[in-house]
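Novice: 3D, please:
(2 chains)
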Number of protein chains: 2
Amino acid sequence: MELNDKLLRFDAKTLLSSNTGDISKVFEGTVDGSPAILTLHKVAFNEEYTSPSAHKVIHENDVYTSGTFLASEMIKYSLIHPATETQIKKYRKSEYVLVKETAEMYRTKTLPHALKHSPNCKWIDTIFQQADGCATPCITESKEHVLFMDKEFLICPDLKWDRVTLESLYLLVLFKDPSIYTLRELRQEHIPLLERIQQAAVEALAMHNYTTDKVKIYFHYYPTFYRAHIHISSISSSWPGTSIGKSVLLNDVIEGLKVSSTYFQDKTMEVCISKESYMYSIYSE
Amino acid sequence: MELNDKLLRFDAKTLLSSNTGDISKVFEGTVDGSPAILTLHKVAFNEEYTSPSAHKVIHENDVYTSGTFLASEMIKYSLIHPATETQIKKYRKSEYVLVKETAEMYRTKTLPHALKHSPNCKWIDTIFQQADGCATPCITESKEHVLFMDKEFLICPDLKWDRVTLESLYLLVLFKDPSIYTLRELRQEHIPLLERIQQAAVEALAMHNYTTDKVKIYFHYYPTFYRAHIHISSISSSWPGTSIGKSVLLNDVIEGLKVSSTYFQDKTMEVCISKESYMYSIYSE
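Specialist: Here you go, the predicted model:
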């Protein structure tokens, strides 16, 4: 056994979570007596067909037959060792709930709580400073690719995207104005800015030979950080966070603002949140 | 080889589609010379940990290690034989696009086209007739379970739900009024009806010891059939069709109508549709 062969020395203790969506499971355990987290993922099928040697028929009715068989399949693993208590907590299966947030709650509870606990946005100012005056597309000092820049926003690839696979294309639009935290601060006066973003998305996508009918353009609500930003992700990929209760289409934001300047300031929002998230405490008081 | 052992006689011809989301692949092929469709699915992990005998380390950095190994895993299959050309077409991978539908397009193109090509809704009238006068919950002549009934709507389990597994709970709210085709026909006068539905959902869910903070309540747009209906599905399950561009929360419908009675009549909607769907023809003309 090699010294660095942590997987073979992993001793499983408890199943932290099991996900039927992307077919994964996560174990808490130890390697050489100290805490470790092991994640196993089933991976996509290859394109070949291999006839099974043995199988079990479960159901047969007219033209329909179904059953199961065993096959040797590739499993992807990732191991964190030594793992911290925070990491273990993060992987523990958490329950989601749908909560209703009124305009009043946003103002008095959500925003103050979020500004205290959410990640800071200094990195956004840094990108704007470093990209200032460059002709886009450009690469900043801190290696950020900037695809498009306007006086009020810029577009860059999201870190989650490998920048190669078009099927999983993911771009991010960052707002310069630090007083726009979320879609709730948007008013009719921002419609021209939002429409410029739609136009810039066309240009940024064209650099990747991509078109806007193949992406969704949306805000997250709640977002991860509280400087307004917009997600542009391919519809052919199943990025999480594009479901109702987690995101709002840019199109719907513009349509709402056209009808009422305070549409998103006033609206009661339904939000899907994890009971483990820092935001849950304002609903469980 | 048994006579009815179609799987072993399946001869693969082409890969029709491969899905990285639920990890499946579908082959077109033949059994005894006639057309057949074979679907293979990877299934959820069991809860045990079995240490792999051999594996390959791909990446190692500080506390993170990742790699792959082979394991004997269960595969679920289902076979259709003989298969029709329509069935084969249905399984062929189809491309999705996001289209914009204006109010004008809905009136002049979508609705006439949908009323001609979408499934008829006689079955809904049948449920209302059979459940008429029964004390709910009841089971109709045609074996439909009705959980809640009001003069304008009823709630029943969706066919996709096994009626047992709470994690995948799925109910359907059917409207009685045939002149409400989709959310686009809803007006301020329907708000009391929509709020009664919210209240009835609480009662129907309580019958299953379930609460509304564990479900999403939403309209599909485009819907499958053109008699207004609402989906109630568990947030812990990943039912398809809950993403932006495919559905709208009942909460958001009520909020929109409060601001403007013609909010959904007037709104430009972004809709995610398959290029294979009958609706795509109105966008590709």
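Novice: list the contacts of the residue lying closest to residue A:103 once chain neighbours are set aside.
Specialist: Distances taken as C-beta to C-beta, 6 or more residues apart in numbering or on different chains put residue A:266 closest to residue A:103, at 5.1 Å, once the chain neighbours are dropped. Placement of C-beta: from N, CA and C, glycine included. Going by C-beta atoms under 8 Å, 6 or more residues apart in numbering or on different chains, residue A:266 touches A:103, A:260, B:259.
Novice: closest to residue B:74 out of those?
Specialist: Of all the contacts of residue A:266, the one sitting nearest residue B:74 is residue A:103; the distance, using C-beta to C-beta, is 50.1 Å.
Novice: pLDDT wise, what is that closest one at?
Specialist: Among the per-residue scores, residue A:103 holds a pLDDT of 98.
Novice: tell me the secondary structure for the closest residue to residue A:121 other than its chain neighbours?
Specialist: Nearest non-adjacent residue to residue A:121, counting by C-beta to C-beta, 6+ apart: residue A:227, 4.2 Å away. Following DSSP: H, G, I helix; E, B strand; the rest coil, residue A:227 is assigned to coil.
Novice: ok, residue A:227 to residue A:118 distance?
Specialist: 9 Å (C-beta to C-beta, to the nearest Å).
Novice: same deal with residue A:195?
Specialist: In terms of C-beta to C-beta, residue A:195 sits 28 Å off from residue A:118.
Novice: do residue A:47 as well
Specialist: Distance from residue A:47 to residue A:118, by C-beta to C-beta: 43 Å.
Novice: look at the two and report which has more neighbours.
Specialist: residue A:118 (17 against 10; other C-beta atoms under 10 Å in any protein chain shown).
Novice: residue contacts, residue A:245?
Specialist: A:98, A:270, A:271, A:272, B:216, B:235, B:242, B:249.
Novice: what residues go with each domain of chain A?
Specialist: Following the TED database, chain A resolves into domains at A:7-91, A:96-283.
Novice: looking at those, which is closest to residue B:203?
Specialist: That would be domain A:96-283 among these, by C-beta to C-beta, at 17.6 Å.
Novice: where do the helices sit along the stretch 51-200 of chain A?
Specialist: Here the stretch 51-200 of chain A has its helices, by DSSP state H, counting those that start in this stretch, at A:85-91, A:103-105, A:111-117, A:122-131, A:191-206.
Novice: got a markdown table for those, with mean neighbour count too?
Specialist: What follows is the helices of the stretch 51-200 of chain A, written out as a markdown table (neighbours: other C-beta atoms under 10 Å in any protein chain shown):
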| stretch | mean neighbour count |
| --- | --- |
| helix A:85-91 | 13 |
| helix A:103-105 | 14 |
| helix A:111-117 | 13 |
| helix A:122-131 | 15 |
| helix A:191-206 | 16 |
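Novice: could I get those helices as a markdown table with distance to residue B:208?
Specialist: Listed next are the helices of the stretch 51-200 of chain A as a markdown table, based on distance: least, C-beta to C-beta, whole Å:
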| stretch | distance to residue B:208 |
| --- | --- |
| helix A:85-91 | 30 |
| helix A:103-105 | 29 |
| helix A:111-117 | 33 |
| helix A:122-131 | 45 |
| helix A:191-206 | 42 |
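Novice: how about the residues of the stretch 101-250 of chain A near chain B?
Specialist: A:212-216, A:218, A:235-236, A:238, A:242-245, A:247-249 (C-beta under 8 Å from any C-beta of the partner chain).
Novice: which residues are in contact with the closest residue to residue A:138 other than its chain neighbours?
Specialist: Leaving aside its chain neighbours, residue A:138 sits nearest to residue A:146 (5.3 Å; criterion: C-beta to C-beta, 6+ apart). Shown in contact with residue A:146 (C-beta under 8 Å, 6+ apart): A:127, A:131, A:134, A:136, A:137, A:138, A:139, A:140, A:154, A:155, A:156.
Novice: are any of these buried, and which?
Specialist: Among the contacts of residue A:146, those buried by neighbour count (16 or more other C-beta atoms under 10 Å in any protein chain shown) are A:127, A:131, A:136, A:140, A:154, A:155, A:156.
Novice: just confirm residue A:283 is within a helix.
Specialist: Yes: according to three-state DSSP, residue A:283 belongs to a helix.
Novice: which single one of the buried ones among the contacts of residue A:146 is nearest to chain B?
Specialist: residue A:155 (18.1 Å; C-beta to the nearest C-beta).
Novice: so the closest one touches residue A:175, yeah?
Specialist: No: between residue A:155 and residue A:175 there is no contact under C-beta atoms under 8 Å: 11.1 Å.
Novice: partners of the nearest residue to residue A:9 once chain neighbours are set aside in the sheet?
Specialist: Excluding the flanking residues, the one nearest residue A:9 by C-beta to C-beta, 6+ apart is residue A:31, at 5.0 Å. Using DSSP bridges, the bridge partners assigned to residue A:31 are residue A:10, residue A:34.
Novice: any idea of the pLDDT on residue A:3?
Specialist: pLDDT, read off for residue A:3, is 48.
Novice: how far away is residue A:54 from residue A:68?
Specialist: Taking C-beta to C-beta, one finds residue A:54 at 10 Å from residue A:68.
Novice: quick one: which of these two has more around it?
Specialist: residue A:68 (15 against 7).
Novice: give the contact list for residue A:277.
Specialist: Counted by C-beta under 8 Å, 6+ apart, residue A:277 has contacts residue A:94.
Novice: brain fart, residue A:167
Specialist: Each residue near residue A:167 by C-beta under 8 Å, 6+ apart is listed here: A:234, A:236, A:237.
Novice: who wins on neighbours among those?
Specialist: Neighbour counts for those peak at residue A:234, which has 21 neighbours (criterion: other C-beta under 10 Å).
Novice: tell me who's in contact with that one.
Specialist: Contacts of residue A:234 (C-beta under 8 Å, 6+ apart): A:166, A:167, A:168, A:169, A:170, A:210, A:214, A:215.
Novice: over to residue A:137?
Specialist: A:145, A:146, A:147, A:148, A:207.
Novice: what of residue A:5?
Specialist: residue B:57.
Novice: roughly how far is the lengthiest strand in chain A from the heart of the chain?
Specialist: Longest strand of chain A, by residue count under DSSP state E: strand A:64-80. Centroid separation between strand A:64-80 and its chain, computed with C-alpha atoms, centre = their mean, to the nearest Å, is 26 Å.
Novice: now for it, which elements pack on it?
Specialist: strand A:34-42, strand A:56-61, strand B:64-80 (3 or more C-beta pairs under 8 Å, 6 or more residues apart in numbering or on different chains; DSSP states H and E).
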